[in-house]
Every structure is written in structure tokens, then in C-alpha cells.
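A.B. asks: Sequence below, structure please.
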Amino acid sequence: MIKQTTLAIAVVLLLGYVGPSQQGAPCKTPDHIQAWTPWLDRDDPSGSGDWEPIRIHYIQNPKMMCSKPIDMEVMTISGLTIKQTKENIYINDLTHGFGCRNTDQINRNCSDYKVRFSCSPKSCENVCWTKWYDRDNPTRTGDWENLGALHKENAKGSICAIPVYIEAVTVDDEIPAISTGQNFHSYSPTKGFVCRNKDQSDGICRNYKVRFGCNCPAKKTMANYKLL
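C.D. replies: The predicted structure is shown next:
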């Protein structure tokens, strides 16, 4: 995990610009950086069940999928987690993907599921990172670091309109969110980060902060930057 330091490798300055900079990009340990595919739903349970095999998604969505996803998230099209459905799942792993068999269910019918996959950054080329944001704490319903609220609460241009990466770590000791063992309602560069207290075994989220990776400005715009 790359720690924030008081001495930045590079300080990017642009008159009136408060957007992402290139300092501190976590290139050395990128696996905890979340970059999710869109939600994918290739099947419904009208036949033998709902089948979302990863090999088929490679074929049908080659531009969206990476060769080695580091995480997979599954929920029903209505937004329920697997745990909330209480259904028996036949397969759910990064080797095969997801499969729910109708014959394994009490009512003989699976819910209709969708899946998405997380890929670590291939490189830090042309990725500029925002500062860390911590707009909430988990004293009420959870820790809500959602992108929409961050856009509204911060100066225009502070966070790009469509981030390509997101990083979330704990505030107190900067442990990557995915290493805490907690469950997340949302962890997406286009939606932000949300941890709900009700989804945790102990009933409370840790306090998190987030930052977003954006495509760097064009070279002609970067000419206005000064690296110190």
C-alpha cells in the first residue's frame, strides 16, 4: 500500500485548476485498485437456471473483460445480494463465473442475476489521481463516499466526470478496503464507494477515504502544468 507523504513526488500546478494530478499513482501494488466492468446479464432462469460463465463473457464482451479479473460481484437484477436471496448457488468463482440451478431451489426457480468483474490497472500511463476524499463516517447508516455527492460538494473539475479507477482505504491506517473483510454496497469508479453498516457482521463499517483515477489532460493542456 502506498502511503500519503508530506513530500510529494511531483506537485502539479495550473492556474485555477483543482483537478487530478499525477502524483502518488499506486503503480507498484495495483491489485486493490477497483476498475469494474459494466453489469453483465447474458442469461435468465427460464431454462435450467441462470448461467453467467466467465468464458462466455470473454467471447461476448471482449472489450469489457480483462484476462485475469481480481474480483467478481453478483446480484439480482432487482439489486439483491446472493445472501439476501437465500438461494443455493451452484457455482460462484473467478475460474468459472456464476451459475444458479433451478433444481437446487425450494421453489424450483432461480432469481435473475447479473455479474460484473474487477480488473487491476494495466499500467499507470495517462492516469491522474485526485486527492483523497472523506466526506462521511459510519456513525449512522454507513460510510457514503458516493461520486454524485462528491461532485456536488467539491469544486467543478476536482473530480473528472467519468473516472476510470477508484481506490478506497481506511482513514486511520490506510488498509485497502478489499483487505478489511467488509462487504460493500458499491465500489465503482463511476458510482463511488458505499459501505453500509447493515451489511457487516459486526454492524459497523470502518471509516474510509477514496480517490479517483482519471484520464490525464491532453498534452497541449499538460503544457500548462509545472512539475516541481
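
A.B. asks: rest of the way, CA atoms for contacts and neighbours
C.D. replies: Will do.

A.B. asks: which residues sit against the longest strand belonging to the chain?
C.D. replies: The single longest strand within the chain, with elements called by DSSP state E, is strand 208-215. Under the contact criterion Cα atoms under 8 Å, 6 or more residues apart in numbering, strand 208-215 has outside partners 20, 126-135, 137, 143, 145, 159-160, 162-171, 177, 189, 193.

A.B. asks: got a list of what Trp132 touches?
C.D. replies: Trp132 makes contact with Lys209, Val210, Arg211 under the criterion Cα under 8 Å, 6+ apart.

A.B. asks: most surrounded residue in those?
C.D. replies: Among these, the one with the most neighbours (other Cα atoms under 10 Å) is Lys209, at 25 neighbours.

A.B. asks: OK, contacts around the closest residue to Ile89 other than its chain neighbours?
C.D. replies: When the adjacent residues along the chain are set aside, Ile89 lies closest to Cys100, with 5.0 Å between them (Cα to Cα, 6 or more residues apart in numbering). By Cα under 8 Å, 6+ apart, the contact set of Cys100 is Gly49, Asp50, Trp51, Asn88, Ile89, Tyr90, Ile91, Cys110.

A.B. asks: Surely the fourth one is in a strand?
C.D. replies: No: looking at Asn88 with DSSP: H, G, I helix; E, B strand; the rest coil, it is coil, so not inside a strand.
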